[in-house]
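Participant: coords below, sequence missing:
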């Protein structure tokens with residue numbers, strides 16, 4: 001890595017702190033830890049210049065698209081947020097139970113609506129930067145789309161151009177009647193939002209939601225997935241070297257071979273033993289069996305000892 005000076009050096013050290021924990025000894029920098037998962041802050045994600053962090057999140061999308069090629073054609077925003085780890089599953093589920101969330105945790109309902117309004121706008125920006133990153137890498141093309149919910153047939157389908165025009169017109173008329181300028185203002189007003197949804201439900205007769213329409217190049221996805229795996233293996237090699245170094249200290253030497261097996265089995269990507277979990281569960285079942293069997297035998301032996309003591313006492317009593 002090129003050593004920089006001045007403000008460039010400050011930025012360089014700040015970037016290094018995302019990937020490693022280090023300390024200084026005079027002019028020397030000592031690496032204490034290499035993070036398996038880089039530490040990324042919200043500012044890092046939302047900052048316009050921090051494309052490296054967006055690339056890390058985009059790689060997560062690549063992994064998921066490659067392993068679930070059929071599932072993601074039109075994907076809702078909330079699902080992408082959960083997939084990338086931007087939010088937990090609770091963020092998605094609680095969106096449908098705002099009143100109950102307010103009751104359970106004694107939070108003002110208005111606060112919950114305002115929270116979702118602001119965070120969704122912020123997170124939407126993160127997602128769309130990730131999709132732009134993948135589009136620039138020529139993995140996919142994307143557009144926003146509208147998904148119509150067909151309750152009668154219990155299916156969903158992508159709205160055509162005429163349906164989208166109709167939805168846009170209805171949304172604008174509803175905003176106009178409520179004297180609201182835009183959707184962001186609407187999301188901050190719980191009462192107006194409820195009225196807005198009621199108007200659309202009454203006038204339109206169907207429900208819908210916005211999603212991202214992804215057109216994925218299958219060959220392009222495979223190429224980029226393989227590139228991501230190469231980067232992951234480079235990082236994994238650094239982690240293996242760092243972990244090995246930890247256990248090379250004198251007081252670990254006696255069990256050095258144990259640590260080597262553990263590193264190879266639990267850290268090394270190349271030795272991904274898919275049967276390990278099953279083997280562990282089988283061993284656990286066997287351990288439980290031996291534990292229960294041993295406990296039964298111990299109880300039986302204890303019972304026999306009690307019987308022997310009783311018989312010994314009775315024999316002695318009868319003799320006297």
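Facilitator: Thanks, I have it. Keep in mind that this is a model prediction, so the values were computed, not measured.

Participant: what's the following helix or strand after the helix or strand harbouring residue 123?
Facilitator: Remark: residue 123 resides in helix 109-136, with elements defined by DSSP states H and E. Following helix 109-136 in sequence order, the next helix or strand is strand 140-150 (DSSP H and E).

Participant: which is the next helix or strand following that following strand?
Facilitator: strand 155-158.

Participant: residues near residue 75, how many?
Facilitator: For residue 75, the neighbour count with other Cβ atoms under 10 Å is 21. (Each C-beta comes from the backbone N, C-alpha and C, glycine too.)

Participant: how about it, secondary structure?
Facilitator: Assigned state for residue 75: strand (three-state reduction, DSSP: H, G, I helix; E, B strand; the rest coil).

Participant: That one reaches residue 216, doesn't it?
Facilitator: No - between residue 75 and residue 216 there is no contact under Cβ atoms under 8 Å: 11.1 Å.

Participant: Could you count how many residues lie near residue 180?
Facilitator: 19.

Participant: same thing with residue 280?
Facilitator: Count around residue 280 with other Cβ under 10 Å applied: 10.

Participant: before we move on, what about residue 125?
Facilitator: The tally of other residues near residue 125 (other Cβ under 10 Å) stands at 13.

Participant: do the same with residue 82
Facilitator: 17.

Participant: Next, find the distance separating it from residue 95.
Facilitator: Using Cβ to Cβ, to the nearest Å, residue 82 is found at 11 Å from residue 95.

Participant: what's the answer for residue 140, then?
Facilitator: For residue 140, the distance to residue 95 (Cβ to Cβ) stands at 26 Å.

Participant: swap in residue 278?
Facilitator: From residue 278 to residue 95 the distance is 37 Å (Cβ to Cβ).

Participant: what about residue 140 and residue 95, which has more around it?
Facilitator: residue 140 (21 against 14).

Participant: Could you pull up the residues touching the more buried one?
Facilitator: 65, 131, 134, 214, 215, 216, 217, 220, 221 (Cβ atoms under 8 Å, 6 or more residues apart in numbering).

Participant: same question, residue 208
Facilitator: Here residue 208 is in contact with 146, 147, 148, 149, 159, 167 (criterion: Cβ under 8 Å, 6+ apart).

Participant: Look at the last one and report its pLDDT.
Facilitator: What the model reports as pLDDT for residue 167 is 92.

Participant: Where does it fall, secondary structure wise?
Facilitator: Per DSSP H and E, residue 167 falls inside helix 161-177.

Participant: Right, I'll leave it there.
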